[in-house]
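Asker: Provided below are the primary sequence and the corresponding predicted coordinates.
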Amino acid sequence: MRVGDIEVTPVHDGCWRLPPGPMYERTEEEWLPHRQFLSEDGTLPCQLGGFLVETGSRRILVDTGAGPVSDPTCGQLLASLAAIGYQPADITDVLLTHLHFDHVGWTSDGSTPVFPNATYRCDERDWGFFVGPDGLDESMALSMLGGLPATERLEPVTGRLETWTTDVAIAPGVDLRAAPGHTPGSTVVVLSSGDERALLLGDVVHCPVELLESEWEFLHDVDRELARRTREALAREFEGTGVPMAAAHFPEMRFGRLLPGQGQRSWVFD
């Protein structure tokens with residue numbers, strides 16, 4: 001995806017195949033109008049990874065996937081980065097839309113930052129919520145995957161960390177907007193160059209179906225009601241604008257656009 005002078009490239013880390021009914025607490029019948037988001041076997045492909053944003057001399061990695069966990073479908077991000085011609089030392093910024101374990105997996109190996117020349121960036125509210133002795137306990141999920149909790153992944157990057165507390169621009173054409181609910185510091189990245197714009201949604205939206213069905217929600221929102229209001233406000237703002245949007249968990253991390261409809265929005269992938 002090109003946004004004027006900005007280039008955006010998905011960097012894949014893996015893919016989970018999830019049962020859509022339990023993840024959204026919806027029936028098979030309710031999913032029938034949204035089969036385009038499911039695989040042929042009826043599972044929901046939940047992609048993992050990040051986006052490489054290149055603007056001027058900056059190479060910004062937005063989210064870092066689940067990392068080297070025991071799940072053999074994960075842990076491909078560094079290989080994916082190498083396949084497009086970059087090594088960890090080439091990354092100037094690591095921007096974390098929020099601090100769930102499946103977005104911070106390649107921040108460090110538990111003792112050393114993976115991206116040695118990068119400034120690491122996140123919302124201060126998420127840092128306080130996830131990191132330290134009182135941080136959110138994700139041990140149940142991590143016990144199945146063999147990964148490290150956010151505190152162990154992120155403490156090695158503390159010396160290279162910058163946080164934000166309000167909407168802010170961190171590079172030319174790269175603006176951060178608060179979008180709380182999924183986590184306290186959940187963030188949307190707005191890319192702009194000339195008259196063109198695009199959005200990276202973090203986990204404000206896991207699957208485009210959440211922009212079509214205002215009452216649908218993924219199980220792991222910290223504040224489910226606030227997350228729903230945030231998604232609905234985002235949908236109202238961008239439906240029919242033609243602004244492309246993508247998220248780390250979208251199928252193949254593809255961009256798409258939200259179209260208005262008679263009582264029902266629709267989604268088309270680019």
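Answerer: On my side now, so go ahead.
Asker: so which bits of stretch 103-115 are buried?
Answerer: By neighbour count with 16 or more other CB atoms under 10 Å, stretch 103-115 contains the buried residues 103-108, 113-115. Quick note: C-beta positions are derived from backbone N, CA and C, even for glycine.
Asker: residue contacts, residue 182?
Answerer: Neighbour list for residue 182: 98, 202-204, 220-222, 227, 230 [criterion: CB atoms under 8 Å, 6 or more residues apart in numbering].
Asker: again, 10 Å this time
Answerer: Counting by CB atoms under 10 Å, 6 or more residues apart in numbering, residue 182 makes contact with 97-98, 100, 201-206, 217-218, 220-224, 226-227, 230-231.
Asker: how much space separates residue 19 from residue 253?
Answerer: Residue 19 is 21 Å from residue 253, where distance means CB to CB, to the nearest Å.
Asker: please identify which of these two sits among more neighbours.
Answerer: Applying other CB atoms under 10 Å to residue 19 and residue 253 shows that residue 253 carries more neighbours, namely 22 against 10.
Asker: with adjacent residues omitted, what lies nearest to the most centrally placed residue in the chain?
Answerer: Taking CA atoms, centre = their mean, the centroid of the chain lies closest to residue 202, which sits 3.0 Å from it. Spatially, and ignoring its direct neighbours in sequence, residue 202 is nearest to residue 97 (3.0 Å; CB to CB, 6 or more residues apart in numbering).
Asker: burial of that neighbour, as a residue count?
Answerer: Residue 97, neighbours per other CB under 10 Å, totals 29.
Asker: next one: residue 262
Answerer: 5.
Asker: what helix or strand does it sit in?
Answerer: Under DSSP states H and E, no helix or strand contains residue 262.
Asker: on the three-state scheme, residue 67 is what?
Answerer: coil (DSSP: H, G, I helix; E, B strand; the rest coil).
Asker: again, but for residue 99
Answerer: Following three-state DSSP, we place residue 99 in the coil state.
Asker: check contacts around it.
Answerer: Shown in contact with residue 99 (CB under 10 Å, 6+ apart): 107, 122-123, 125-127, 129-131, 135-136, 138, 150-151, 153-154, 183-186.
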